[in-house]
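What follows is a predicted protein model with its sequence.
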Amino acid sequence: MRAVAFDYRDTLAEFRWDDDLWRAGVRAMLAQAGVGAGETERAAALLRRRFADRDPRDLHELDYAAAVADVLTALGVAASAGLVRRCIEAEYRAWAPARHVHPDALALLDGVRGRGLACALAANTFDPPELFRADLRAQGIAERVDAIVLSCELGVRKPHPAFYAAVAASLGADPADVFFVGDRVCADVLGPAAAGMGACLAGWYRLDPEGRGDSVPICTEPLQVLDILEALVGSGSPGKI
């Protein structure tokens, strides 16, 4: 084993959904476009529809800029690329109180690299990559990883096989030499395993209902991952599911 890849949401950090923040984000978006707060519920419903209408089998990342442009157009706003970008950034900033890095996340990343292993962050996100990466720098995560792989830059989401191939390539490693850690069985355990990677389930924020079987290794605290890595490195096992 040469490297470890971590999911972000509900793994290294928690994202706490909040209906008030959702509406605040939509209002911030509309304010950038010169649209009054009275259109908040209509705009929110239009955005929700873009998510609800997606085929869950479609593993291509959502084009959020196109979604926002469509909403603005429906509200009678000329949706230039620059305006759409400002609207998305305003919405993203409004969600800042919802993001919370786990108290042990940085120690976990330090522990991985301290064991001579490369480290990557590998996340599904449709947020603008510049904003997401800026948050990772501010949180102290970016400086502790060797690679950052984001679905918004690849155009595909986990569990698309191309995502895991990109993770391995970003680390300069064969898939069999990469261990994946995340909170979703399909995306962070079975998907990596199908790509030839080892994996374990991050269960400290939430336990994916699909992870209750005996076949899925589960960590209930972040630093337990280091114990698994110690065992794998010592045994030479790839740690596959």
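Structure received.

Go ahead and name everything in contact with stretch 5-12.
15, 101-102, 105, 108-109, 119-125, 141, 145, 149, 167, 171, 178-184, 187-188, 192, 197, 202, 205-206 (C-beta atoms under 8 Å, 6 or more residues apart in numbering). C-beta: built from backbone N, CA, C; applies to glycine.

Which of the residues you listed fall in helices?
Using DSSP state H, the members of these that fall within helices are 105, 108-109, 167, 171, 192.

okay, now the domains of this protein?
Residue ranges for the domains of the chain, per automatic domain parsing: 3-15+99-235, 19-97.

quick revisit: in ChimeraX, how would I select just the buried ones from the ones in helices among the contacts of stretch 5-12?
Here is the ChimeraX command that selects the buried residues among the ones in helices among the contacts of stretch 5-12 (16 or more other C-beta atoms under 10 Å):
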select :105,108,109,167,171,192
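
Rebuild the ones in helices among the contacts of stretch 5-12 as CSV, extending it with pLDDT.
Shown next, in CSV, are the ones in helices among the contacts of stretch 5-12 (pLDDT from 0 to 100):
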residue, pLDDT
Ala105, 98
Leu108, 98
Leu109, 98
Val167, 98
Leu171, 97
Pro192, 97
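
how about the helices of this structure, start to end?
19-32, 40-52, 64-74, 81-94, 105-114, 129-138, 151-154, 161-171, 191-194, 224-235.

which stretch among those comes nearest Val4?
Proximity to Val4 (C-beta to C-beta) singles out helix 105-114 among the helices of the chain, at 5.0 Å.

name the helices or strands packed onto the closest one?
When contacts are defined as 3 or more C-beta pairs under 8 Å, 6 or more residues apart in numbering; DSSP states H and E, helix 105-114 packs onto strand 3-6, strand 118-123, helix 224-235.
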